[in-house]
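S.K.: Just the structure for this:
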Amino acid sequence: MDKDYKEKIKKLLALAESPNEHEARAALLKARQLMAEHKIEEADLKDLEKQKVVKKIIDGITCSKRREPWIIDLSDTITRNYCCQGYRVRGYGKQTFNIGIIGFEEDAEIAEAVFLYAVDCVRSKIKQIKAEYAMYHRRYVKSLCDSYGMGFTYGLLKMFEQQQKDNEAGWGLVLVIPKEVEEAASFLNAADFKANINYSRDMLREGIRDGENFRPERRLQEDLQDEIM
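M.R.: Numbers count the residues shown, from 1 in each chain. Modelled structure (predicted):
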């Protein structure tokens, strides 16, 4: 059952390869729904075996206050909404952060896959922005890219919140950070991450608008559900 559930989510994300912004959120929301349904199924089967809490660094993803700072907020948004806790670590004397996840082993595996997918989605859009504004000053282009990344994250958070509200009477209360994970994450440094972003209001609004205008009943979600069931 576990393998089938994880394979469904991975297939869902793979089906949305090269997504636009709306398609990305459709895949992320559907993946979250599948996680909730799986947890309800576990409870119905009285699968009460204590799960192992794992802590791991995500390979290949780094950021700093100047380079892709939106990654920190994106990590926090996704891990919290997939029953995990995100964290960041920085080597002594370095400006670059590594991104990590703490959670039950199965949850952490899914949260990592979703996070990597989301990073790819934002980077895909950023690539388009860089191409479109190639003749502009690099600092201006950076402000557009960072603003879009932060807008995407905020729009995604709004969608998770709406999804939670829409399913309050069903599985909405299932996706919480377990007590064991919170205890394991209690050592984390809670200091604020203050990114160096010169915001572009237009690009920030574009990212937010993409999220707020998205509706889960869009065609892609229906197509994906047909594919994985």
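
S.K.: Spell out the secondary structure type for the spatially most central residue of the chain.
M.R.: Centroid-nearest residue in the chain: residue 78, 3.3 Å away (criterion: CA atoms, centre = their mean). The three-state label given to residue 78 by DSSP: H, G, I helix; E, B strand; the rest coil is helix.

S.K.: burial count for the residue lying closest to it once chain neighbours are set aside?
M.R.: Taking CB to CB, 6 or more residues apart in numbering, and ignoring the residues beside it in sequence, residue 78 has residue 115 as its nearest neighbour in space, at 4.8 Å. Every C-beta, even on glycine, is put in place using the N, C-alpha and C of the backbone. Applying other CB atoms under 10 Å, we find 24 residues neighbouring residue 115.

S.K.: list the helices and strands whichever strand in the chain runs longest packs on?
M.R.: Residue-count comparison of every strand in the chain, with assignments taken from DSSP state E, identifies strand 53-63 as the longest. Helices and strands touching strand 53-63, as assessed by 3 or more CB pairs under 8 Å, 6 or more residues apart in numbering; DSSP states H and E, comprise helix 70-81, strand 97-104, helix 105-132, helix 179-184.

S.K.: Show me what counts as buried in that strand.
M.R.: Residues of strand 53-63 classed as buried by neighbour count (16 or more other CB atoms under 10 Å): 53-54, 58, 61-63.

S.K.: Could you dump those residues into CSV with pLDDT added?
M.R.: Conversion of the buried residues of strand 53-63 to CSV gives the following (pLDDT from 0 to 100):
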residue, pLDDT
53, 91
54, 92
58, 93
61, 92
62, 92
63, 90
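
S.K.: Just the closest of those to residue 5, please.
M.R.: Comparing the buried residues of strand 53-63 against residue 5 with CB to CB picks out residue 54 as the nearest, at 17.5 Å.

S.K.: so the closest one bridges to which residues?
M.R.: When bridges are called by DSSP bridges, residue 54 pairs up with residue 103.

S.K.: quick one, what contacts residue 117?
M.R.: With contact taken as CB atoms under 8 Å, 6 or more residues apart in numbering, residue 117 is in contact with 13, 16, 24, 27-28.

S.K.: one step back: just give me the closest of the buried residues of strand 53-63 to residue 121.
M.R.: Checking the buried residues of strand 53-63 one by one against residue 121 (CB to CB), the nearest turns out to be residue 61, at 13.5 Å.

S.K.: My read is that that closest one contacts residue 120, right?
M.R.: No: in this structure residue 61 lies outside contact range of residue 120 using CB atoms under 8 Å: 10.4 Å.

S.K.: Low-confidence regions, this protein specifically.
M.R.: Residues of the chain meeting the criterion pLDDT under 70: 1-3, 15-22, 41-50, 172-173, 189-196, 209-229.

S.K.: Most distant residue from the centre of the protein?
M.R.: In the chain, the residue most distant from the centre (CA atoms, centre = their mean) is residue 135, at 31.4 Å.

S.K.: That residue: what secondary structure?
M.R.: Following three-state DSSP, residue 135 is assigned to coil.

S.K.: separation between it and residue 141?
M.R.: Counting by CB to CB, to the nearest Å, the separation of residue 135 from residue 141 is 10 Å.
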